[in-house]
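*Asks:* Here is my input, please return the structure:
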Amino acid sequence: MQGKVFISYRRSDTAWAARALFERLRREPDLHDRVFIDIEGLRLGTNYVQVIDEHLEGCEVMLALMGPDWLAEIRRREDEGEDEPDWVRAELKRALERKIYVVPVTIDGATPPRKKDLPEDLRGVRDHQGLELHAKFFDEQSSKLVSAVKALLKPEPQRAPAAAVTARAPATAPAAAEQQRTTWASTTGKDPQGRWAEFTVDGVVQRLRWIEPASFWMGSADTEKARSDDELRHRVTLTRGFWLADTACTQALWQAVTGQNPSHFKGNAQLPVEQVSWDDVMQQFLPRLRQRLAGLDARLPTEAEWEYACRAGTETPFHFGAQITPAHVNYDGNYPYAGGAKGEYRKKTVPVKSLPANAWGLYEVHGNVWEWCADGYGPYPPGEATDPQGVPNAASRVLRGGSWCNYARGCRAASRDHYSPVTRFNSIGFRLCVSSPI
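*Replies:* Model (predicted):
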């Protein structure tokens with residue numbers, strides 16, 4: 001695609017900014033399908049130069065996000081001679097060699113590196129004018145950045161006329177056949193975050209993301225700050241993929257399915273539904289939803305599925321990295337995580353999709369509302385686990401993610417809570433999971 005924008009960032013210190021900027025750029029109608037966010041999932045042995053070049057094909061602008069540790073991490077990897085290539089350095093190097101317009105974007109007060117301090121193959125980046133981006137002033141500064149990006153891009157070529165698209169219909173027949181086999185999805189597609197599917201109930205649309213099966217580290221490391229004793233780190237394998245709603249269930253969807261809205265915070269149908277118990281979800285919402293949509297195997301995610309989806313390939317306290325601010329998570333900003341700066345305390349929920357999504361396109365998995373899981377609460381079993389289901393017949397059910405009224409530490413990916421299945425609080429909601437294939 002001509003005129004792409006490539007966002008290069010390092011997960012350890014600028015993931016939140018990359019995701020927020022990605023979502024901001026995609027809100028522009030003329031940029032929606034033209035933004036690409038980094039190289040992910042490359043394995044050892046991959047010809048990474050070739051893969052990067054493929055993703056840079058048609059790219060006109062690279063946004064090189066630089067956090068406080070950007071240069072130090074490049075130097076560390078260089079000094080320690082790591083076997084795995086430094087993707088961030090490789091992306092930027094290839095962009096400079098291909099004479100793509102590179103925009104250095106310093107994050108949260110990071111100092112632009114001096115030309116003499118940069119490795120020789122990256123010194124060309126200092127020949128390009130850069131911009132600043134701060135969480136506190138994100139809306140204002142990102143709007144200026146979007147305007148600057150648009151000015152650099154060439155106009156997108158005209159799309160082929162409808163007749164030409166129709167002429168190629170046989171090539172898309174397999175996709176059409178797949179859609180015909182689907183009984184619950186109204187629309188399906190694929191974007192940089194992966195496959196998605198949507199269903200509709202009385203005009204209310206819910207998007208779900210396909211989460212591939214894999215193994216991951218569940219729980220927290222002994223060195224993670226503010227961890228609890230019930231977060232034993234252990235290896236978990238999920239043998240089956242699943243669909244997970246990209247947002248917590250909204251008040252609009254709950255009302256479309258049940259005809260009621262039990263929430264405390266109202267005034268916007270896109271606010272997450274809260275004050276729903278585990279029993280409410282299992283006995284009212286899910287059965288009625290399954291009746292409305294044939295073939296929809298709707299359920300709550302297991303605790304392992306929830307954490308795996310939340311982490312999106314990361315092992316840090318948050319999928320954003322080692323730290324969060326209220327710019328990307330809704331929590332009590334008076335109580336930051338691990339020495340972080342204090343910030344806004346909203347004292348209420350925010351509409352879904354108000355804050356940046358993770359790498360798999362899931363919104364507000366940290367904060368806003370706690371989310372019920374299917375599992376009964378109990379200690380993790382020692383050793384490796386495959387498709388764990390929690391403790392059978394437990395007195396309480398697991399909650400994950402933290403909420404608008406929690407301290408930052410309670411919003412960590414590994415943080416666990418649990419309550420009786422009849423509990424209803426204005427800080428508790430849920431996220432829909434679907435087992436049905438598509």
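
*Asks:* got any ranges where the stretch 51-200 of the chain has weak pLDDT?
*Replies:* By pLDDT under 70, the low-scoring segments of the stretch 51-200 of the chain are 51, 82-84, 154-182.

*Asks:* And the helices in it, which stretches?
*Replies:* For the stretch 51-200 of the chain, helices defined by DSSP state H, counting those that start in this stretch occupy the ranges 70-80, 87-97, 138-152, 162-167, 173-181.

*Asks:* so how many other residues sit close to Arg288?
*Replies:* Neighbourhood size, Arg288 [other CB atoms under 10 Å]: 15. C-betas here are computed from N, CA, C, even on glycine.

*Asks:* Which residue ranges make up the domains of this structure?
*Replies:* Domain assignment for the chain by automatic domain parsing gives 4-152, 175-434.

*Asks:* Do you know the pLDDT at the residue lying closest to Val236 once chain neighbours are set aside?
*Replies:* Distance criterion CB to CB, 6 or more residues apart in numbering; nearest residue to Val236, sequence neighbours excluded, is Met218 at 4.5 Å. Met218 is assigned 98 on the pLDDT scale.

*Asks:* how about Met218, what does it touch?
*Replies:* Contacts were defined as CB atoms under 8 Å, 6 or more residues apart in numbering; by that measure Met218 touches 233-236, 304, 307-308, 380, 385, 414.

*Asks:* of all the helices of the stretch 51-200 of the chain, which gets the most neighbours per residue?
*Replies:* Of those, the one with the most neighbours on average (mean count of other CB atoms under 10 Å) is helix 87-97, at a mean of 20.

*Asks:* between that one and helix 70-80, what angle do the directions make?
*Replies:* Computed by axes from the mean of the first three to the mean of the last three CA atoms, to 10 degrees, the angle separating helix 87-97 from helix 70-80 equals 110 degrees.

*Asks:* which other residues reach helix 87-97?
*Replies:* Applying CB under 8 Å, 6+ apart, the contact partners of helix 87-97 are 6, 8-10, 38-39, 42, 48-49, 52-53, 56, 59, 62, 64, 70, 73-74, 77, 102, 119, 121-122, 124-125.

*Asks:* In strands only, show me those.
*Replies:* When DSSP state E is applied, these are split such that 6, 8, 59, 62, 64, 102 fall in strands.

*Asks:* ok, what's across the strand from the last one?
*Replies:* Read that as Val102. For Val102, the beta-bridge partners are Met62 (DSSP bridges).

*Asks:* how close does the residue nearest to His134 when sequence neighbours are not counted sit to Gly67?
*Replies:* Nearest non-adjacent residue to His134, counting by CB to CB, 6+ apart: Asp108, 5.6 Å away. Between Asp108 and Gly67 the distance is 7 Å, computed by CB to CB, to the nearest Å.

*Asks:* overlap in contacts of these two?
*Replies:* Residues touching both Asp108 and Gly67 by CB under 8 Å, 6+ apart: Ala17.

*Asks:* Who has more neighbours out of these two?
*Replies:* More neighbours surround Gly67 than the other of Asp108 and Gly67, with 23 against 20 (other CB under 10 Å).

*Asks:* related to what we said a few turns ago, mind checking which of the contacts of helix 87-97 are buried?
*Replies:* Among these, those scoring as buried are 6, 8-10, 38-39, 48, 52, 56, 59, 62, 64, 70, 73-74, 102, 122, 124-125 (criterion: 16 or more other CB atoms under 10 Å).

*Asks:* quick revisit: backbone phi and psi for the residue nearest to Val236, please?
*Replies:* phi -100, psi 150 (degrees, to the nearest 10).

*Asks:* Please name the bridge partners of it.
*Replies:* Under the criterion used (DSSP bridges), Met218 bridges to His234.

*Asks:* Determine the number of other residues adjacent to the spatially closest residue to Lys144 that is not a sequence neighbour.
*Replies:* In space, and not counting its chain neighbours, Lys144 is closest to Leu131: 7.3 Å by CB to CB, 6+ apart. Neighbours of Leu131 under the rule other CB under 10 Å: 15.

*Asks:* quick revisit: show me which of the domains of the chain has the highest average neighbour count.
*Replies:* Of all those, domain 175-434 has the most neighbours on average by mean count of other CB under 10 Å, namely a mean of 19.

*Asks:* quick one: it to chain centroid distance?
*Replies:* Distance of domain 175-434 from its chain centroid, counting by CA atoms, centre = their mean, to the nearest Å, is 11 Å.

*Asks:* Output stretch 412-419 in PDB, but only the C-alpha positions, please.
*Replies:* C-alpha atoms of stretch 412-419 as PDB (Å, rounded to 0.1, in the frame of the first residue of the first chain):
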ATOM      1  CA  ARG A 412      -1.100  -5.400  37.000                       C
ATOM      2  CA  ALA A 413      -1.500  -8.300  34.500                       C
ATOM      3  CA  ALA A 414      -0.800 -10.800  37.200                       C
ATOM      4  CA  SER A 415      -3.000  -9.300  39.900                       C
ATOM      5  CA  ARG A 416      -5.900 -11.500  41.200                       C
ATOM      6  CA  ASP A 417      -9.000 -10.800  43.200                       C
ATOM      7  CA  HIS A 418     -12.000 -12.900  44.000                       C
ATOM      8  CA  TYR A 419     -15.500 -12.500  45.400                       C
END
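
*Asks:* Let me see the contact set for the residue most central in space within the chain.
*Replies:* Geometric centre of the chain, nearest residue: Asn358, 1.3 Å, by CA atoms, centre = their mean. Asn358 makes contact with 19, 310, 312, 319-320, 365, according to CB under 8 Å, 6+ apart.

*Asks:* Kindly reformat those residues as CSV containing pLDDT, distance to Ala151 and secondary structure.
*Replies:* Shown next, in CSV, are the contacts of Asn358 (pLDDT from 0 to 100; distance: CB to CB, whole Å; DSSP: H, G, I helix; E, B strand; the rest coil):
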residue, pLDDT, distance to Ala151, secondary structure
Arg19, 76, 24, helix
Cys310, 98, 37, helix
Ala312, 95, 32, coil
His319, 96, 32, coil
Phe320, 94, 29, coil
Val365, 98, 35, coil
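
*Asks:* of all the residues you listed, which two lie farthest apart?
*Replies:* Arg19 and Cys310 (13.4 Å; CB to CB).
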